[in-house]
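**Student:** Test case, fold it:
(chains A, B, C and D)
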2 protein chains.
Amino acid sequence: MKIDPTKNADYSAQIAKAIRDAIIGGQLNVNDRLPSEAELAEQFEVSRPTVREALKRLAAQSLIRTQRGAFGGAFINQISYEEAHSQQITTSTLLLSMNDVSFDVACEARFALERSCAPFAAQRRTADQLATMRAEIHRQTQPGLSDEGWCASDVTFHRALVESAHNVILSYQLAGAVEAMQPLMNMITFTARNREKIISLHTDIADALEQRNQQQIEHALLALSDYTKNLADNVFAAKQKNKTDIDNQKAQT
Amino acid sequence: MKIDPTKNADYSAQIAKAIRDAIIGGQLNVNDRLPSEAELAEQFEVSRPTVREALKRLAAQSLIRTQRGAFGGAFINQISYEEAHSQQITTSTLLLSMNDVSFDVACEARFALERSCAPFAAQRRTADQLATMRAEIHRQTQPGLSDEGWCASDVTFHRALVESAHNVILSYQLAGAVEAMQPLMNMITFTARNREKIISLHTDIADALEQRNQQQIEHALLALSDYTKNLADNVFAAKQKNKTDIDNQKAQT
DNA sequence: AATTTTCATTTGTCAGACAATTAAAAGTCT
DNA sequence: AGACTTTTAATTGTCTGACAAATGAAAATT
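**Tutor:** Numbers count the residues shown, from 1 in each chain, chains lettered A, B, ... in the order given. Sure, this is the predicted structure:
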């Protein structure tokens, strides 16, 4: 592993890339120990702070973990689903918030992805997951439930549906998509009437899952997608109108 | 923003988290400039190298970019689809390679996700994307095509299918899943007979897309998924048998 | 044999310094 | 006055050298 002093990138970025490539390429295996910072500094012919900055870059991506003390050092991390997951959610959330993706597009994607696990969920669902979904539906009917509580319950409900497909990769991908959508969903306030309709759709999904009826699951998810889109359109239209009114008032004064 | 000296985490990790939370929470907006490293060091009551390590962590996640010179500094980055994408692929690829996910599970997930864009692809596909897919099919029929060339063409083909759904979020999620699977797919050598069958299935997909027939697209994708799984099972079974034979030989000597 | 102490190694943090870069401000020339 | 050049101040990138804190191994002690 060498770095190119002519490249205009930072040394620390180059070093991080070199080590990252070695990990991805398989030259370094899980739980292998990297040379100490002092040794790396010598190898790459840079100072220790520069090496440290490179290592922090890798640590930020959970590629390595570090341990102090004798026989400590930097070790190649085995990326767990949880870590991969939280990273994906961070990225996706920022992507959505920073690129003004329309709610419709995000919503369409989210429910399309969720529908993709319908056939496996219908086949493989367990009583456990069904019970979780029923419990969340019940929670959603409580009149005192706050908006945050409602949204959290919604996430749990959909997560249980996804989990019932019993495919870790699908779970990882979908949970990321569902959670990345949350900030957008939280912008919607759900009236009692809205909640009633959504609960009815959730019940449809649970019923269909209980009967292992794939098509009915997909159908209910599609209905939920359409209803959510509609709801959001109204919310955003109202906000837009409100904003325009204020602007007009300002213009008059 | 403050850090807690009693926490056992590194200062640099805590500082990175504080800034990251401020970005995600919306206190810091795209293209805002962070205080200079010296100012941050003063604010957080740590030294500049420590601040720098925190900033490198954020840079590794593309949350900030830095610029040298007067009026330079660290700026909040607008995460692009491309960046988010490459990060996701890195994470997913490592996740797959480090957690010995079974090929079946990964394959099932990959094609399930791809099926989820079938309804939109059928509705919205353009002549452009169809032409790309036909062109790739044609390339796949060339007898001199290498295994790498075959796999690359396969990626382009499926990417065109995904793009034809015209939903940026779906594209982002699916392209990540498809590309993360590539290293696993590359472990399979495709015989002439395999290729012939796959080309026929690709043609089915393209035909169905041309006729905007959603169900036929899904059906062909399902067939492709099953065929790929089957192929992989045989390949891995052969490898396993080979390994066992060698082990037996060793045991005899 | 079990426990405690010492010790070498390694990461985490700091202070201070200088180089490289860069855009604004000041100066200079036509 | 306007175009061009030079200066300057701010800021990141890197280096040196140092010390603190943690930690497991080895040595010493009971």
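
**Student:** Check the burial of A:N194 by counting its neighbours.
**Tutor:** For A:N194, the count of nearby residues is 17 (other Cβ atoms under 10 Å in any protein chain shown). Where you see a C-beta, it was placed from the backbone N, CA and C, and this is true even at glycine.

**Student:** residues in contact with it?
**Tutor:** A:L231 (Cβ atoms under 8 Å, 6 or more residues apart in numbering or on different chains).

**Student:** so which helix or strand takes in it?
**Tutor:** helix A:192-210 (DSSP states H and E).

**Student:** which of the residues in that helix are buried?
**Tutor:** When burial is assessed from 16 or more other Cβ atoms under 10 Å in any protein chain shown, helix A:192-210 yields the following buried residues: A:N194, A:R195, A:I198, A:L201, A:H202, A:T203, A:D204, A:I205, A:A206, A:A208, A:L209.

**Student:** Kindly report the same for stretch A:127-146.
**Tutor:** A:Q129, A:L130, A:T132, A:M133, A:R134, A:E136, A:I137, A:Q140, A:L145.

**Student:** Surely A:A112 touches B:R115?
**Tutor:** No - in this structure, A:A112 is not within contact of B:R115 by Cβ atoms under 8 Å, at 9.4 Å.

**Student:** and A:F190, how many residues sit next to it?
**Tutor:** Using other Cβ under 10 Å: A:F190 sits among 19 other residues.

**Student:** Quick one: residues contacting it.
**Tutor:** A:D147, A:W150, A:I198, A:L231.

**Student:** ok so, going back, just the buried residues of stretch A:127-146 that are near DNA strand D?
**Tutor:** Restricting the buried residues of stretch A:127-146 to those within reach of DNA strand D (Cβ under 7 Å from any atom of the strand) leaves nothing.

**Student:** Can I get the residues you listed in TSV including secondary structure, distance to A:A237 and pLDDT?
**Tutor:** Converted to TSV, these look like this (DSSP: H, G, I helix; E, B strand; the rest coil; distance: Cβ to Cβ, whole Å; pLDDT from 0 to 100):
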residue	secondary structure	distance to A:A237	pLDDT
A:Q129	helix	37	94
A:L130	helix	37	96
A:T132	helix	35	97
A:M133	helix	32	97
A:R134	helix	35	97
A:E136	helix	30	97
A:I137	helix	29	97
A:Q140	helix	26	94
A:L145	coil	26	90
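
**Student:** Return the member of these nearest to B:D154.
**Tutor:** A:Q129 (34.4 Å; Cβ to Cβ).

**Student:** For the closest one, give its distance to A:F120.
**Tutor:** 12 Å (Cβ to Cβ, to the nearest Å).

**Student:** Mind listing the shared neighbours of the two?
**Tutor:** Joint contacts of A:Q129 and A:F120 (Cβ under 8 Å, 6+ apart) are A:S164.

**Student:** Quick check: A:F75 is in a strand.
**Tutor:** Yes - counting by DSSP: H, G, I helix; E, B strand; the rest coil, one finds A:F75 located in a strand.

**Student:** I'd guessed it sits against A:S62; true?
**Tutor:** No - the criterion here is Cβ under 8 Å, and A:F75 misses it with A:S62 at 11.8 Å.

**Student:** what does chain A put close to DNA strand D?
**Tutor:** A:10-12, A:45-50, A:53, A:67-72.

**Student:** what do you get if the cut-off is 10 Å, keeping everything else the same?
**Tutor:** Residues of chain A lying near DNA strand D by Cβ under 10 Å from any atom of the strand: A:3, A:5, A:7-15, A:37-38, A:41-42, A:44-54, A:67-72.

**Student:** Which ones among those lie within strands?
**Tutor:** Among the residues of chain A next to DNA strand D, the ones falling in strands (DSSP state E) are A:Q67.

**Student:** Pull out the buried residues from the residues of chain A next to DNA strand D.
**Tutor:** Neighbour-count burial (16+ other Cβ under 10 Å) applied to the residues of chain A next to DNA strand D gives A:3, A:10-15, A:37, A:41, A:44, A:46, A:50-54.

**Student:** Spell out which residues of the stretch 151-253 of chain A are next to chain B.
**Tutor:** Counting by Cβ under 8 Å from any Cβ of the partner chain, the residues of the stretch 151-253 of chain A close to chain B are A:N167, A:V168, A:I169, A:L170, A:Y172, A:Q173, A:A177.

**Student:** give the contact list for the second one.
**Tutor:** So that's A:V168. A:Y81, B:V101, B:V105.
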